[in-house]
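Engineer: Attaching a predicted model along with its sequence, questions to come.
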Amino acid sequence: MTYSQISRNSGSVTDMFYLEQQIKTVKKEMKRAEAAGLQELQDQLSRRLAELETELDKLGD
């Protein structure tokens, strides 16, 4: 494996880790919004979660 391949792979791993952390954070926020009965916020967070999961899937490919 060349240095550039290793470098790209390490960047992808970093991006994946970041996205996974963002997904966890959004899920926690969704639980709080649900507990507070904030449907509009839940909807926004649900859309954001879908976007993050799509980005993560793209990196996994």
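Structural biologist: Nice, thanks for sending it over.

Engineer: Next, the contact list for Q42, please.
Structural biologist: By C-beta atoms under 8 Å, 6 or more residues apart in numbering, the contact list for Q42 reads 30, 33-34. In this view, the C-beta of every residue, glycine as well, is placed from N, C-alpha and C.

Engineer: Sticking with it, tell me its helix or strand.
Structural biologist: helix 39-60 (DSSP states H and E).

Engineer: for A35, same thing?
Structural biologist: Using DSSP H and E, A35 falls in helix 3-36.

Engineer: and the angle for that helix with helix 39-60?
Structural biologist: 160 degrees (axes from the mean of the first three to the mean of the last three C-alpha atoms, to 10 degrees).

Engineer: quick one: buried residues of helix 3-36?
Structural biologist: 19, 22-23, 26, 29-30, 33 (16 or more other C-beta atoms under 10 Å).

Engineer: can I get these in a markdown table with pLDDT and distance to K58?
Structural biologist: Shown next, in a markdown table, are the buried residues of helix 3-36 (pLDDT from 0 to 100; distance: C-beta to C-beta, whole Å):
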| residue | pLDDT | distance to K58 |
| --- | --- | --- |
| L19 | 96 | 10 |
| Q22 | 98 | 14 |
| I23 | 98 | 14 |
| V26 | 99 | 17 |
| E29 | 98 | 23 |
| M30 | 98 | 22 |
| A33 | 98 | 26 |
